[in-house]
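Novice: Give me a 3D structure for the following:
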Amino acid sequence: MRIAQAKFGTVLTAVLLLAGCAPDAVPTAPPEPSASLLGSLLNVTLLRCNSLPPSSGTAVIGSAGGALQVGPHRLVIPAGALPGDVAITGEVIPGTVNSVRFSPEGLRFAAQASLTMSYGNCPLARLLPLKKVAYTDEGLGILAVLRSLDNPARSEVTGRLDHFSRYAISY
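Specialist: Model (predicted):
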């Protein structure tokens, strides 16, 4: 029994080290986008683009609803989605994926908001199938694919969201 436990401990340690879970491992650069488990299962990947310049915007939006423009992306919150005034910030995250982060993180809406993301800076976008807005983690792993409407004529896709986090364009 002790030999089996020792072998298990050795195998577990090796697996953790190979997976990059060593306690003193420190990442030196932000992670590059990679296929997530959900993205792989759904055969969905993030759209590669030319980097957008960093930009941010803030707006106070209340129960009457409102909109926030962040770089080429636009968030529209309908009337009744928020019970009162909330300072909402959006930021375009530069990189090879069109990505935007909204805060306060975790904010939930009583009615779904619309996020329209531009892919005009993505050279191969017109050759790829319908684009969708994806909810991602900070490492750009796909957590969910939102119900979306692609508008290739305008090079933009609109997704419906019910909370804040980080979003990117997938196909």
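Novice: Shouldn't residue 159 be within a strand?
Specialist: Yes. When DSSP: H, G, I helix; E, B strand; the rest coil is applied, residue 159 is found to be in a strand.
Novice: from memory it sits against residue 114, does it?
Specialist: Yes. Counting by Cβ atoms under 8 Å, residue 159 sits close enough to residue 114 to count as a contact (7.4 Å). In this view, the C-beta of every residue, glycine as well, is placed from N, C-alpha and C.
Novice: low-confidence ranges in this structure?
Specialist: 1-42 (pLDDT under 70).
Novice: Got the domain ranges for it?
Specialist: The record's domain split for the chain, according to automatic domain parsing, is 2-29, 41-170.
Novice: the strands in the protein, which residues?
Specialist: When assigned using DSSP state E, the strands of the chain occupy the ranges 55-61, 66-70, 73-77, 86-93, 99-103, 108-118, 132-136, 142-145, 148-151, 156-163, 166-170.
Novice: what's the angle from the first one to strand 86-93?
Specialist: Just to be clear, that refers to strand 55-61. 160 degrees (axes from the mean of the first three to the mean of the last three Cα atoms, to 10 degrees).
Novice: re earlier: dump the domains of the chain to TSV, plus mean neighbour count.
Specialist: As requested, the domains of the chain are exported to TSV (neighbours: other Cβ atoms under 10 Å):
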stretch	mean neighbour count
domain 2-29	9
domain 41-170	17
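Novice: how long is stretch 92-104 end to end?
Specialist: Taking Cα to Cα, to the nearest Å, stretch 92-104 runs 15 Å from one end to the other.
Novice: how close does residue 51 get to residue 141?
Specialist: As defined by Cβ to Cβ, to the nearest Å, residue 51 lies at a distance of 20 Å from residue 141.
Novice: Double-check residue 145 against residue 171; I have them as touching.
Specialist: No. With contact defined as Cβ under 8 Å, residue 145 does not reach residue 171; the gap is 10.0 Å.
Novice: Find the residues that touch each one of the two.
Specialist: Contact with both residue 145 and residue 171 is made by residues 44, 132, according to Cβ atoms under 8 Å, 6 or more residues apart in numbering.
Novice: which residues touch residue 65?
Specialist: Taking Cβ under 8 Å, 6+ apart as the criterion, residue 65 is in contact with 76, 77, 78, 79, 80, 81, 82.
Novice: Please report how far it lies from residue 58.
Specialist: 16 Å.
Novice: do residue 150 as well
Specialist: Remark: distance between residue 150 and residue 58 (Cβ to Cβ) = 28 Å.
Novice: quick one on the thing from earlier: could I get the strands of the chain as a markdown table with distance to residue 46?
Specialist: What follows is those, written out as a markdown table (distance: least, Cβ to Cβ, whole Å):
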| stretch | distance to residue 46 |
| --- | --- |
| strand 55-61 | 20 |
| strand 66-70 | 18 |
| strand 73-77 | 15 |
| strand 86-93 | 12 |
| strand 99-103 | 8 |
| strand 108-118 | 12 |
| strand 132-136 | 7 |
| strand 142-145 | 7 |
| strand 148-151 | 14 |
| strand 156-163 | 12 |
| strand 166-170 | 5 |
